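Trainee: When you get a sec, could you give me coordinates for this:
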Amino acid sequence: MALEDYKTALVTGASSGIGAAVVRDLAAAGKEVHAVARRQDRLEALAAETGCIPHVLDLRDQDALYETLGKIDTDILVNNAGLGRGFENFSTTPADEINLTIEVNVLSALHVVRACVGGMRERNCGHIFNIGSVAGLYPVNSTIYGASKGAVHLMSQNLRLELAGTGIRVTEVCPGRIETEFFGKAIDDEKLAAKMVSGFEVMQPEDISNAIMYAVGAPWRVNIGLIEMTPTEQHLGGGTITPAAGR
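Mentor: Down below sits the predicted model:
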């Protein structure tokens, strides 16, 4: 099964950036899209624009997560919600910010998949997208965020192995720098945050959504396991531009 066979999609972190772009594209493709985020006003505006079904939810609330997501027969899961703290200095990052990053990027991501994958297995179809980062693939100056996205990387690889023979596809998308709200929330220094999305042309949320739509639209015999995307002028592992990961 591929895009034309799937009916229902669920997108977390849907109120802005990559999530909102994916909601728009999946809705335009005729899918019933459930959009999950914490900001009610943003979700309501997106619902008015796209016809998506909004769910105001903090994914750290596991009871509410399973209560909400467990009722949706999800065919396409875009596991996108995430954040990052401690970019400036790991050693001085408050412990609660370390916990928050791991709780959202790792624990919540795992529980979101668990809430959806059982129904996929029963129907023998589905496509799971985990939004990782180049920070989970390469050494970069973001110890906490990199650790969380490294976990997403191995989760995706192991999940695909575990789901062999079920008809469920798994794709990990690992972007580099994108023009979203991410750096403004991850970095307290406004000048440094602005620098992360300046100096060269960075990617836009719709670039990532286009890649997701390509992967979900591929023939069922094709599983695109890993998509690594960076701006043309962002060089990882060396070069003239210092690499920095993010979504």
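Trainee: Low-confidence regions, the protein specifically.
Mentor: 1, 86-88, 181-198, 237-247 (pLDDT under 70).
Trainee: Can you list the residue ranges for strands in it?
Mentor: Remark: strands assigned in the chain by DSSP state E are 8-12, 32-37, 53-56, 76-79, 126-131, 168-175, 226-229.
Trainee: What is the fifth one packed up against?
Mentor: The reference is to strand 126-131. strand 76-79, helix 109-123, helix 143-162, strand 168-175, helix 205-217 (3 or more Cβ pairs under 8 Å, 6 or more residues apart in numbering; DSSP states H and E). Bear in mind the C-beta positions are built from the backbone N, C-alpha and C, glycine included.
Trainee: Just send the ones you listed back as JSON lines, with distance to E103 and mean neighbour count too.
Mentor: Shown next, in JSON lines, are the helices and strands packed on strand 126-131 (distance: least, Cβ to Cβ, whole Å; neighbours: other Cβ atoms under 10 Å):
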{"stretch": "strand 76-79", "distance to E103": "15", "mean neighbour count": "28"}
{"stretch": "helix 109-123", "distance to E103": "10", "mean neighbour count": "18"}
{"stretch": "helix 143-162", "distance to E103": "9", "mean neighbour count": "19"}
{"stretch": "strand 168-175", "distance to E103": "20", "mean neighbour count": "25"}
{"stretch": "helix 205-217", "distance to E103": "23", "mean neighbour count": "19"}
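Trainee: mind checking how far the residue nearest the centre of the chain is from R221?
Mentor: Centroid check for the chain by Cα atoms, centre = their mean gives N80 as the closest residue, at 2.2 Å. From N80 over to R221 the distance is 26 Å, taken as Cβ to Cβ, to the nearest Å.
Trainee: L57 too?
Mentor: L57 is 35 Å from R221, by Cβ to Cβ.
Trainee: Give me the more crowded residue out of these two.
Mentor: The residue with more neighbours, out of L57 and R221, is L57; 18 against 6, by other Cβ atoms under 10 Å.
Trainee: I'd like to know how far the more buried one sits from T8.
Mentor: Distance, L57 to T8, using Cβ to Cβ: 17 Å.
Trainee: Check D63 too.
Mentor: 22 Å.
Trainee: before we move on, what about H153?
Mentor: 27 Å.
Trainee: ok, now S142?
Mentor: Taking Cβ to Cβ, one finds S142 at 34 Å from T8.
Trainee: Neighbour count: the two, which is higher?
Mentor: S142 (25 against 18).
Trainee: That one is in contact with L83, isn't it?
Mentor: No. Using Cβ atoms under 8 Å, S142 is not in contact with L83, being 11.7 Å away.
Trainee: Restricting to C-alpha, output stretch 56-65 in CSV.
Mentor: Output in CSV follows, covering the C-alpha atoms of stretch 56-65 (Å, rounded to 0.1, in the frame of the first residue of the first chain):
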residue,chain,number,x,y,z
VAL,A,56,-4.6,20.1,21.6
LEU,A,57,-2.2,17.8,23.5
ASP,A,58,1.0,17.9,25.4
LEU,A,59,2.8,14.7,24.4
ARG,A,60,4.5,14.5,27.8
ASP,A,61,1.0,13.6,29.2
GLN,A,62,1.2,9.9,28.5
ASP,A,63,-2.4,9.1,29.6
ALA,A,64,-3.8,11.8,27.3
LEU,A,65,-1.5,10.7,24.5
